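> Here is my input; please provide its structure:
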Amino acid sequence: MRVWSAVTALIALVMAGLVGQSMYLVRSEQRQAQNATANAAWVIYQVEVELYRLRATVQDANAAPASPEAGATIQLRYQLAMSRVGLLDSPDVAKLLEAGGVAPGVVGDVVDRFTALGPLVDAAVIGRGRAELLRQMHELDAPVQRLTTDALQSTAQVAQRNHDRLAERLDQLHAVIALLGLCFITLIIFLLLRVRSEREQRGRAEALAREMREAREAAERASRVKTDFLTTMSHEIRTPMNGVIGMSDLLLQADLTADQRQLAGTLSRSAHNLLAIIDDILDLSRLDAGKFVLVPAPFDFTELVTSVADLFRPQAATRGLKLETHLPRAGLPILEGDSGRIRQVLLNLVGNAVKFTERGSVTVEVTLEPATERGVLVRCAVRDTGIGIAPSDQQRLFSQFYQAEGGNRRRFGGSGLGLAICRRLLDLMGGVIRVESVIGQGSTFSFVVPLRLASTPPQQSVQATAAATAVAANRPKLPRMRVLVAEDNATNQMVVRAMLARLGQTVEIVSDGAQAVEAVRNGEYDLVLMDVQMPEMDGYEATRKIRSLSGAVASIPIVALTANAVAGFEELSLKAGMNGHVSKPVTLAALSALLSRFTPRRSDAAQFA
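Prediction:
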C-alpha cells in the first residue's frame, strides 16, 4: 500500500503540475494579449485627449491678452500631443487595428495631419494664425474619433476571441481534473494513515515554538540590559570627561607660558579625541542594538556644510591645504532630516580628507537632484589630493575597526569606526556612501541621502549654535544673569562654576533636585542648569515641580545639563518641561551660546557681562 500510495501521489502531483502549468500559460497568454490591447487602446485615446487639450489651450490663448507665456504653453501642449502621436507607430497599435480589420492608412492619415499642424503652431506661438490652427484641429476631430472608435471595436473583438480561446482550453482541462479527483481520493486514504504522525510532529512544533518564544524574550531582556548599560556607561564616562575637557578649556584661557600652553593644548586635544572614540563606540553599540533613533527636523543644508568647512579651515590652513566648498548657485532649500547625523557623516569625511592630505586641496561639493513628491536627493562629495586608497582596501573600508594599510593607523591615528558608522547612519536614512580613489592622486568620498522639503523654518539648537561659534567665550556683551546650577558631582560643579564665572555670570550651586526646587521657590534666578541624574530627586521630577509652582518662577528657563548622550534623552527633557538640552562635556562655546539665547528676568540685573 505504501508503494501504491507513493505512486498515486507522484502521478497526482505530476498531473497537478501539468494542469497548473497549462492554466498559468493560458492565463499568462491572455494577460499579455489584454495588456497589449489595453496599452494600444490607451495610446489612441490619449491622442484624442491631447488634441482636445491643445485646442482648449489655443482657445484660452485667444481669449486672454497676448503674452509670451501663452505662446510657450501652446508650444508645450503641441509637443506633448506629438509625443502621443509618435506612439501610434508601436507594434501593439498595429496589431490591435489589424485584428479589427482597420485599414493601415487611417493611422498614417492622423499622423500626417498632426505633423502638418507644426507650422501653424509655430505661428500661433507668436500670436498669428490661431484661427486657422483651430480650423485645422476641428477638421482633425473626425479621423481621430474614427480611429478611437475603431480601436474600441477592435479591443472588444480581441477580448471575445481571447475569451473563446480560454473557454476551449478550460474544457480540455476538465477531463484532466476529473482524473485528478480519483488520485486525490487515493491520497486521502494515505493521509489518514499519517494523522498520528502529524500529531506527533505538531507536538514537537509547539515545543519548538515555546523554545523560540523563550529565546525571543531572553533576547529582549538582553537588549534592555544592553540599553541600560549604554545609558549608564554614557553617563559614567562623560561625567569625568566633562571635568577633563572643561578644566583643559579653562586652562587654555589662562595666562600660560608657551610650554604650558603646549601641554594644555595636548591635554585638550587628547581629551577630545578620547571623547570622539567613546562617542563612536556608543553609536556603534546603539546601531547594533537597534536603539538608534533618527530625529528629523527642518535645517539649512548650506549652513551645515559651511559650518563644517569653517571648523576644519584653520587645521587645513596649518597644513597648507586649500579647503573649498561648492554649493548650487541657486542655493539649497530648507530641508527636513536628522541634521545632527548628516553633520556627523560630513565631519568624519572632511576630517579624514584633511588628515590624510599632506598637500593640495580638499573640496566639498553639494548637488541637488530635481524635487519629487517625496522630496529631494542631496549628493555630497568630499574630494582630496591625499595619499589615496588601494582598490583592495576600498571594499573593506566601511567595515568596523578597519583602516587601509596598517601603517596609516600608526601614522595618522584613528579607531577605524568612523566610516563604518557613516555607512550605518546613511543606511538608516535611506542613503548610500561610496568611495573612488587612486593611489597617490587622492580620494573622493560621496554620499546620497533622500530628504524632504521642510514646511517650517529651522530652529537652531544650543549644540549647533556652539559648533558654529568659533570663539564663543570671547563673544562681547553676553547678558549678565544669575544662574542656578543643580549638579551632584563635585568636579562638574567646579567646572560649570568656573566657566560661568569666566563668562561674567553669578552662580549658585545646589546638589540635588529637591534643593533646586526650594532654591527657585525662595530665590531670584534668570536661568537654571539642571542635571537629570541626581540623588533624592532627579532633574525631570524637579523640573515638573518647578513648573507646578505659582507665580512667575514657574516659567523660569530650565536647560538639561546631562552626561547622557543616548538617543531619547533630549525628548524626555522637553516632555518634562525643560527649554533645551546640553550634553556633557560642556564647553565655554556651548555655555556662551546658551546664555545668548536668554535674557535676565530680574529688573535689577546688570545689562551686560
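
> For the rest of this, base every contact and every neighbour count on C-alpha atoms.
Noted.

> tell me the contacts of the residue nearest the centre of the chain?
Residue closest to the average C-alpha location in the chain (CA atoms, centre = their mean): Met429, at 3.1 Å. Contact analysis of Met429 by CA atoms under 8 Å, 6 or more residues apart in numbering lists 294, 449-450.

> Any chance of the residues you listed in a markdown table with neighbour count, secondary structure and pLDDT as columns?
Shown next, in a markdown table, are the contacts of Met429 (neighbours: other CA atoms under 10 Å; DSSP: H, G, I helix; E, B strand; the rest coil; pLDDT from 0 to 100):
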| residue | neighbour count | secondary structure | pLDDT |
| --- | --- | --- | --- |
| Leu294 | 16 | coil | 81 |
| Val449 | 18 | strand | 92 |
| Pro450 | 19 | strand | 91 |
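
> circling back: next, find the distance separating the residue nearest to the centre of the chain from Ile421.
Met429 is 12 Å from Ile421, where distance means CA to CA, to the nearest Å.

> next one: Arg202
Between Arg202 and Ile421 the distance, using CA to CA, works out to 44 Å.

> Quick check on these two: which one has the bigger neighbour count.
Ile421 (22 against 12; other CA atoms under 10 Å).

> so what pLDDT did the more buried one get?
On pLDDT, Ile421 comes in at 85.

> what's the host helix or strand of it packed up against?
Per DSSP states H and E, Ile421 falls inside helix 418-428. In terms of contacts (3 or more CA pairs under 8 Å, 6 or more residues apart in numbering; DSSP states H and E), helix 418-428 is packed against helix 258-289, helix 339-355, strand 432-438.

> Just checking: what are the partner strands of the last one?
In other words, strand 432-438. Looking at strand 432-438 with DSSP bridges, its partner strands are strand 442-453 (antiparallel).

> From the chain's centroid, how far away is the partner strand?
11 Å (CA atoms, centre = their mean, to the nearest Å).

> the inter-axis angle of it versus helix 339-355?
For strand 442-453 against helix 339-355, the angle by axes from the mean of the first three to the mean of the last three CA atoms, to 10 degrees is 170 degrees.

> Only the buried residues of strand 442-453, if you could.
442-453 (16 or more other CA atoms under 10 Å).

> what does stretch 81-89 give?
Under the neighbour-count criterion of 16+ other CA under 10 Å, stretch 81-89 has 81-82, 84-85, 87-88 buried.

> In CSV: those residues, plus distance to Lys355, secondary structure and pLDDT.
Below are the buried residues of stretch 81-89 laid out as CSV (distance: CA to CA, whole Å; DSSP: H, G, I helix; E, B strand; the rest coil; pLDDT from 0 to 100):
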residue, distance to Lys355, secondary structure, pLDDT
Ala81, 57, helix, 83
Met82, 56, helix, 84
Arg84, 56, helix, 82
Val85, 59, helix, 82
Leu87, 56, helix, 81
Leu88, 60, helix, 79
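
> could I get those as JSON lines with distance to Arg521?
Below are those laid out as JSON lines (distance: CA to CA, whole Å):
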{"residue": "Ala81", "distance to Arg521": "75"}
{"residue": "Met82", "distance to Arg521": "78"}
{"residue": "Arg84", "distance to Arg521": "76"}
{"residue": "Val85", "distance to Arg521": "80"}
{"residue": "Leu87", "distance to Arg521": "79"}
{"residue": "Leu88", "distance to Arg521": "82"}
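
> just checking, Asn348 touches Ala420?
No - checked against CA atoms under 8 Å, the pair Asn348 and Ala420 is beyond contact range at 10.6 Å.

> How are the strands of the stretch 101-250 of the chain distributed by residue range?
Assigned strands in the stretch 101-250 of the chain: none (criterion: DSSP state E, counting those that start in this stretch).

> Please, where are all the helices along it?
Remark: helices assigned in the stretch 101-250 of the chain by DSSP state H, counting those that start in this stretch are 105-125, 130-192, 195-253.

> Tabulate those helices (JSON lines), appending mean pLDDT.
Formatted as JSON lines, these follow (pLDDT from 0 to 100):
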{"stretch": "helix 105-125", "mean pLDDT": "81"}
{"stretch": "helix 130-192", "mean pLDDT": "77"}
{"stretch": "helix 195-253", "mean pLDDT": "77"}
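
> of all those, which lies closest to Met530?
With CA to CA as the criterion, Met530 lies closest to helix 195-253 of these, at 14.2 Å.

> next SSE after the helix or strand of the chain with the lowest mean pLDDT?
Using mean pLDDT, DSSP states H and E, helix 462-468 stands out as the lowest-scoring helix or strand of the chain, at a mean of 41. Counting by DSSP H and E, the next helix or strand C-terminal to helix 462-468 is strand 482-486.

> What pairs with that next one, parallel or antiparallel?
With DSSP bridges as the test, strand 482-486 pairs up with strand 506-510 (parallel), strand 527-530 (parallel).

> Which strands and helices lie in contact with the helix or strand encompassing Gln493?
Assigned by DSSP H and E, Gln493 belongs to helix 490-502. Helix 490-502 sits against helix 195-253, strand 506-510, helix 588-596, with contacts defined as 3+ CA pairs under 8 Å, 6+ apart.

> got the buried residues for it?
Those would be 491-493, 495-500, for helix 490-502 by 16+ other CA under 10 Å.

> quick one: average pLDDT of that helix?
In this model, helix 490-502 has a mean pLDDT of 88.

> That helix to helix 588-596, inter-axis angle?
Going by the same axes, to 10 degrees, helix 490-502 makes 60 degrees with helix 588-596.

> for stretch 128-140, the distance to its chain's centre please.
For stretch 128-140, the distance to the chain centre is 51 Å (CA atoms, centre = their mean).

> From the rest of the structure, what touches it?
51, 55, 58-59, 62, 110, 113, 117, 120-121, 123-124.

> buried residues in that stretch?
130, 133-134, 136-137, 140.

> And for stretch 90-101?
In stretch 90-101, the ones that count as buried by 16+ other CA under 10 Å are 92-94, 96-97, 100.

> now these in CSV, with distance to Leu170?
Shown next, in CSV, are these (distance: CA to CA, whole Å):
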residue, distance to Leu170
Asp92, 27
Val93, 29
Ala94, 29
Leu96, 25
Leu97, 28
Gly100, 25
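
> need the residues you listed in a markdown table with distance to Ala330, pLDDT and secondary structure, can you?
Listed next are the buried residues of stretch 90-101 as a markdown table, based on distance: CA to CA, whole Å; pLDDT from 0 to 100; DSSP: H, G, I helix; E, B strand; the rest coil:
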| residue | distance to Ala330 | pLDDT | secondary structure |
| --- | --- | --- | --- |
| Asp92 | 44 | 80 | helix |
| Val93 | 44 | 77 | helix |
| Ala94 | 47 | 76 | helix |
| Leu96 | 49 | 77 | helix |
| Leu97 | 50 | 75 | helix |
| Gly100 | 54 | 69 | coil |
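
> Could you pull up phi and psi at the residue nearest to the centre of the chain?
phi -90, psi 0 (degrees, to the nearest 10).

> how close does it sit to Leu417?
Taken as CA to CA, the span from Met429 to Leu417 is 19 Å.

> How about Gln505?
Look at Gln505 and Leu417: by CA to CA, they are 40 Å apart.

> If you drop the residues flanking it in sequence, what lies closest to Ile126?
Excluding the flanking residues, the one nearest Ile126 by CA to CA, 6 or more residues apart in numbering is Gly71, at 6.1 Å.

> what helix or strand is the one you found on?
Residue-wise, Gly71 maps onto helix 68-86 under DSSP H and E.

> what's the spacing between that helix and its chain's center?
In terms of CA atoms, centre = their mean, the centre of helix 68-86 is found 37 Å from the chain centre.

> what's it packed up against?
Using 3+ CA pairs under 8 Å, 6+ apart, helix 68-86 sits against helix 2-63, helix 105-125.

> Just the CA atoms of that helix, as PDB, please.
C-alpha atoms of helix 68-86 as PDB (Å, rounded to 0.1, in the frame of the first residue of the first chain):
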ATOM      1  CA  PRO A  68       4.900  85.000 -24.200                       C
ATOM      2  CA  GLU A  69       3.600  82.600 -21.500                       C
ATOM      3  CA  ALA A  70       0.500  81.800 -23.600                       C
ATOM      4  CA  GLY A  71       2.700  81.000 -26.700                       C
ATOM      5  CA  ALA A  72       5.000  78.800 -24.600                       C
ATOM      6  CA  THR A  73       2.000  76.900 -23.300                       C
ATOM      7  CA  ILE A  74       0.800  76.300 -26.800                       C
ATOM      8  CA  GLN A  75       4.200  75.000 -27.900                       C
ATOM      9  CA  LEU A  76       4.500  72.700 -24.900                       C
ATOM     10  CA  ARG A  77       1.000  71.300 -25.400                       C
ATOM     11  CA  TYR A  78       1.700  70.600 -29.100                       C
ATOM     12  CA  GLN A  79       4.900  68.800 -28.100                       C
ATOM     13  CA  LEU A  80       3.000  66.600 -25.700                       C
ATOM     14  CA  ALA A  81       0.400  65.800 -28.300                       C
ATOM     15  CA  MET A  82       3.100  64.900 -30.800                       C
ATOM     16  CA  SER A  83       4.700  62.600 -28.200                       C
ATOM     17  CA  ARG A  84       1.400  60.700 -28.000                       C
ATOM     18  CA  VAL A  85       1.100  60.600 -31.800                       C
ATOM     19  CA  GLY A  86       4.500  59.100 -32.100                       C
END
